[in-house]
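Colleague: only geometry, no sequence info:
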Ligand SMILES: Cc1ncc(COP(=O)(O)O)c(C=O)c1O
């Protein structure tokens, strides 16, 4: 549940009461929590509630609106999940400062109001929910990427000439299928993927279980559409991946944030909050964003719970190829005897994200449903790219490229950790045994969102950690991607970061 606030005032213009701000009609068919959610969302989007403003406690709202605390908590949880409000441990609940600006501006301009509200009125509940996620609402980040934009591999080290040669060979050949293809993917690529995940990740699968998709994001969306009904409870790691959260919001799932400990997602806490959830979304090999690796014992507990609850496990294995210190643990899919794991892999980190190719490995009995859902969505991914990728993997280039990148990323991580030592007291950058980013913990009193904004002003890109929480942030931090930047760029980025963080640490900040 979101923390209570101790204030009695709403951050709105003209100070209406909660009753006028969020009118609740007990005779309306819509559930009360939905009315409350709609009311708050509307007040935020039309500017009647201001960004950063404090929201009254759930106790006060429940009393004034004559609703149960549970109803208020349900509405707040949904608003939290979609990023309209945010909680700070002990200090209350606030209107989010990060509600997409474009959406706010569009809603606020009086001339646009009627058109905007009629546009909203025309949207389905799903359309409204998707618009509300704000995922990538700001469009693409500036090119070229600057240190330390997370989520990118070394784009400069991608073997472009080799890829071009393979693509030319395919175009020149007579067997390139230019007609419609199998929605589940180009057969040779499905075979190559099945071979790769068996060898590298200990998965048990055949090519029939592989569904080629347009990156993990489509995999998450398809899995949510095919496996969930509106209102189904889904455990999501807290903090967790915004892309997974958005896919679940789009499927009208009831997101249950489940905290982590040193061994990964706490099955005990998940069972306490939603014992019969329909699904759990996890990143076991390298938890996003914390970097925790799920222990073998925890993997077994999760599989046992899924068997008891008859639940799905959605395993997002997004950057598992990059593990530096030790051999990776086998994926959950390979440990599953009950056909409950849906595995997601992507080539966004091993090759490059603009390729938009990834894959699902699904239990055989649901493969047909996934294939059909993919066909409904966009038929299939471009066959030419799939064919080139099949050759790239089949001829051994993929394995070589990943090995080369692993060594390069290890060096780049060392460069960041070493340079980061000079920032003692300003940010604590800890090494990690896997992945493409590090977490830099900020000292108490320095909030991550203003820090990220200030860094951006100086040409340094870092992602604030706190938006990855649905409930409340335990500690503020910055996510620092290192894989895409050479040691010189990393050192220069660290110097700029030092200047900005020094400035911030001498200035008291409003918490957001
Ligand atoms: C947890 C997680 N999963 C998946 C992805 C990759 O997404 P996609 O394959 O859609 O590019 C990312 C990208 O940063 C991620 O952080």
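Modeller: Nice, I can see it. A quick note: this is a predicted structure, and the numbers were derived from the prediction, not measured.
Colleague: which non-adjacent residue is nearest residue 465?
Modeller: Excluding its sequence neighbours, the residue lying closest to residue 465 (C-beta to C-beta, 6 or more residues apart in numbering) is residue 477, at 3.8 Å. All C-beta spots, glycine's among them, are computed from the backbone N, C-alpha and C.
Colleague: could you list the contact residues of the stretch 201-350 of the chain toward the ligand?
Modeller: In this structure, the stretch 201-350 of the chain approaches the ligand at residues 215-217, 241, 283, 288, 316, 318, 346, 348, judged by C-beta under 6 Å from any ligand atom.
Colleague: got phi/psi on the residue nearest to residue 465?
Modeller: phi -160, psi 170 (degrees, to the nearest 10).
Colleague: so it versus residue 305, what's the distance?
Modeller: In this view, residue 477 and residue 305 are 29 Å apart by C-beta to C-beta, to the nearest Å.
Colleague: who's more crowded, these two?
Modeller: residue 477 (28 against 19; other C-beta atoms under 10 Å).
Colleague: the more buried one bridge partners, please.
Modeller: Judged by DSSP bridges, the bridge partners of residue 477 are residue 441.
Colleague: how many neighbours does the closest residue to residue 483 other than its chain neighbours have?
Modeller: Among residues not flanking residue 483 along the chain, residue 436 sits closest, at 3.9 Å (C-beta to C-beta, 6+ apart). Neighbours of residue 436 under the rule other C-beta under 10 Å: 23.
Colleague: quick one: contacts for residue 436?
Modeller: 150-153, 319, 322, 349, 409, 481-484 (C-beta atoms under 8 Å, 6 or more residues apart in numbering).
Colleague: let me have those residues in TSV, adding pLDDT and neighbour count as columns.
Modeller: Formatted as TSV, the contacts of residue 436 follow (pLDDT from 0 to 100; neighbours: other C-beta atoms under 10 Å):
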residue	pLDDT	neighbour count
150	94	22
151	92	19
152	96	21
153	98	26
319	89	23
322	94	24
349	97	24
409	98	23
481	98	23
482	98	31
483	98	25
484	97	24
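Colleague: nearest to the ligand, of those?
Modeller: residue 151 (3.4 Å; C-beta to the nearest ligand atom).
Colleague: ok, the closest one touching residue 462?
Modeller: No: because the distance of 11.9 Å does not satisfy C-beta atoms under 8 Å, residue 151 is recorded as not touching residue 462.
Colleague: go through the residues of the stretch 201-350 of the chain next to the ligand and flag which are in strands.
Modeller: 316, 346 (DSSP state E).
Colleague: from the residues of the stretch 201-350 of the chain next to the ligand, which is closest to residue 31?
Modeller: residue 241 (28.1 Å; C-beta to C-beta).
Colleague: identify the residue spatially nearest to the closest one, adjacent ones excluded.
Modeller: residue 288 (4.7 Å).
Colleague: contacting residues around that neighbour?
Modeller: So residue 288 contacts 237, 240-241, 316, 318 (C-beta under 8 Å, 6+ apart).
Colleague: give me the number of residues near residue 373?
Modeller: Residues near residue 373, counting by other C-beta under 10 Å, number 18.
Colleague: which SS class is it?
Modeller: Here residue 373 is recorded as helix under DSSP: H, G, I helix; E, B strand; the rest coil.
Colleague: my guess is it contacts residue 223. True?
Modeller: No: Residue 373 is beyond contact range of residue 223, at 9.2 Å (criterion: C-beta under 8 Å).
Colleague: what pLDDT does residue 149 get?
Modeller: Note for residue 149: predicted pLDDT of 96.
Colleague: show me what the longest helix belonging to the chain is packed against.
Modeller: If you go by DSSP state H, the chain has its longest helix at helix 397-420. With contacts taken as 3 or more C-beta pairs under 8 Å, 6 or more residues apart in numbering; DSSP states H and E, helix 397-420 sits against strand 428-429, strand 437-441, helix 487-505.
Colleague: nearest to residue 206, of the contacts of residue 288?
Modeller: residue 316 (21.5 Å).
Colleague: may I have the beta-bridge partners of that closest one?
Modeller: Bridge pairing for residue 316 - DSSP bridges - gives residue 344.
Colleague: where does pLDDT dip in this protein?
Modeller: 1-20, 29, 46, 82, 88-91, 97-120, 136-140, 507-512 (pLDDT under 70).
Colleague: dihedrals phi and psi, the residue of it positioned farthest from its centre?
Modeller: Ranking residues of the chain by C-alpha distance from their mean position (C-alpha atoms, centre = their mean) puts residue 174 at the top, at 41.1 Å. Per-residue torsions, residue 174: phi -90, psi -10 (degrees, to the nearest 10).
Colleague: for the residue nearest to residue 79 when sequence neighbours are not counted, give the beta-bridge partners.
Modeller: Counting by C-beta to C-beta, 6+ apart, residue 85 is the residue found nearest to residue 79 once chain neighbours are left out, at 4.6 Å. According to DSSP bridges, residue 95 are recorded as the beta-bridge partners of residue 85.
Colleague: and stretch 357-377, does that touch the ligand?
Modeller: Yes: interface with the ligand: stretch 357-377 contributes residue 358 (C-beta under 6 Å from any ligand atom).
Colleague: and which of the residues of the stretch 201-350 of the chain next to the ligand is nearest to residue 499?
Modeller: Relative to residue 499, the closest of these is residue 288; by C-beta to C-beta it sits at 28.8 Å.
Colleague: in contact with residue 297, which residues?
Modeller: Per C-beta under 8 Å, 6+ apart, neighbours of residue 297: residue 263.
Colleague: helix or strand: which one has it?
Modeller: helix 296-309 (DSSP states H and E).
Colleague: from the middle of its chain, how far away would that helix be?
Modeller: 23 Å (C-alpha atoms, centre = their mean, to the nearest Å).
Colleague: same deal with stretch 37-46?
Modeller: 24 Å.
Colleague: what helices or strands is the longest strand belonging to the chain leaning on?
Modeller: Secondary structure of the chain per DSSP E: the longest strand is strand 254-261. Contact partners of strand 254-261 among helices and strands, from 3+ C-beta pairs under 8 Å, 6+ apart: helix 69-81, strand 233-238, helix 242-250, helix 267-273.
Colleague: please redo it, this time with the cut-off set to 7 Å
Modeller: strand 233-238, helix 267-273 (3 or more C-beta pairs under 7 Å, 6 or more residues apart in numbering; DSSP states H and E).
Colleague: which of the ones you listed sits most buried?
Modeller: Mean neighbour counts were compared across the helices and strands packed on strand 254-261 using mean count of other C-beta atoms under 10 Å; the top stretch is strand 233-238, at a mean of 25.
Colleague: ok, that one: who's next to it in the sheet?
Modeller: Looking at strand 233-238 with DSSP bridges, its partner strands are strand 254-261 (parallel), strand 279-282 (parallel).
Colleague: just to revisit the earlier point, now the residue nearest to residue 465: how far from the ligand?
Modeller: Plainly put, residue 477 is 15 Å away from the ligand if you go by C-beta to the nearest ligand atom, to the nearest Å.
Colleague: ditto for residue 308
Modeller: Distance from residue 308 to the ligand, by C-beta to the nearest ligand atom: 26 Å.
Colleague: in the longest helix of the chain, what's buried?
Modeller: The neighbour-count check on helix 397-420 (16 or more other C-beta atoms under 10 Å) flags 397-398, 401-402, 405, 408-409, 412-413, 415-417, 419-420 as buried.
Colleague: and stretch 466-478, by the same measure?
Modeller: Quick answer for stretch 466-478 (16+ other C-beta under 10 Å): 466-473, 476-478.
Colleague: may I have the distance across stretch 149-156, first residue to last?
Modeller: Using C-alpha to C-alpha, to the nearest Å, the end-to-end distance of stretch 149-156 comes out at 15 Å.
Colleague: how far is it from where the chain is centred?
Modeller: Per C-alpha atoms, centre = their mean, the centroid offset for stretch 149-156 relative to its chain is 17 Å.
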